[in-house]
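J.: Below are the sequence and a predicted model; questions follow.
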Amino acid sequence: MKILIPSSKEDFQRYYELRWKILRRPWNQPLGSERNELDDTSYHVMVCEKDRIPLGIGRLHFNNTREAQIRYMAVDDGYQQKGAGSIIVNALEKYAKEKGAHYIILNARENAVPFYIKNGYEVIEKSYLLFDDIQHYKMKKLLKDI
């Protein structure tokens with residue numbers, strides 16, 4: 001598996017298709033609901049084995065000069081528990097550090113909390129309920145001394 005930055009129209013089409021397939025389709029959300037206004041100014045990565053077909057994807061944006069946020073992490077079911085998610089998180093953290101972030105926050109789905117804890121994040125608080133069904137938890141990881 002290797003990390004890639006989507007760069008072509010085709011890359012982004014595959015990237016958003018996977019995001020929708022994992023994060024929106026199971027809750028009967030329409031195609032297009034997997035995007036938001038920050039996508040155009042965010043840093044995107046995807047993990048691929050070959051042919052630029054994403055097996056996992058993730059996005060990072062900055063809320064301010066010190067705080068970066070990971071959103072829309074998704075790994076295809078067949079590649080979970082095989083290191084793809086950690087590859088994505090490590091790439092997003094590296095970029096955040098290079099750009100001067102002090103810490104990263106995220107809102108993890110309840111079933112993903114153990115994954116993020118394993119990757120050095122701590123639960124800050126219970127946050128919101130998505131689609132009246134998916135509990136999220138705000139999590140944080142310090143990247144350097146503040």
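T.: Yep, it's here. Numbers count the residues shown, from 1 in each chain.
J.: contacts and neighbour counts: CA atoms only from here.
T.: Fine.
J.: Packing partners of the helix or strand of the chain with the lowest mean pLDDT?
T.: The least trusted helix or strand in the chain, going by mean pLDDT, DSSP states H and E, turns out to be strand 122-130, with a mean of 88. Applying 3 or more Cα pairs under 8 Å, 6 or more residues apart in numbering; DSSP states H and E, one finds that strand 122-130 makes contact with helix 113-118, strand 134-142.
J.: Let's see that with 6 Å instead.
T.: Packing partners of strand 122-130 (3 or more Cα pairs under 6 Å, 6 or more residues apart in numbering; DSSP states H and E): strand 134-142.
J.: Need the pLDDT of Leu31.
T.: We have a pLDDT of 93 for Leu31.
J.: Next, count neighbours for it.
T.: 14 (other Cα atoms under 10 Å).
J.: Just say helix, strand or coil for it.
T.: Following DSSP: H, G, I helix; E, B strand; the rest coil, Leu31 is assigned to coil.
J.: Let me see the contact set for the spatially most central residue of the chain.
T.: Closest residue to the average C-alpha location of the chain: Met73 at 2.5 Å, with Cα atoms, centre = their mean. Going by Cα atoms under 6 Å, 6 or more residues apart in numbering, Met73 touches Ile57, Gly58.
J.: ok, now how distant is it from Ile134?
T.: Distance, Met73 to Ile134, using Cα to Cα, to the nearest Å: 15 Å.
J.: what comes into contact with stretch 137-146?
T.: Contacts to stretch 137-146, defined as Cα under 6 Å, 6+ apart, come from residues 102-108, 121-127.
J.: Find the nearest non-adjacent residue to Gln69, please.
T.: Ranked by Cα to Cα, 6 or more residues apart in numbering and with sequence neighbours excluded, the top spatial neighbour of Gln69 is Ile105, at 4.9 Å.
J.: what about the helix or strand where that neighbour lies, distance to the chain center?
T.: Assigned by DSSP states H and E, Ile105 belongs to strand 103-109. Strand 103-109 sits 9 Å away from the centroid of its parent chain (Cα atoms, centre = their mean, to the nearest Å).
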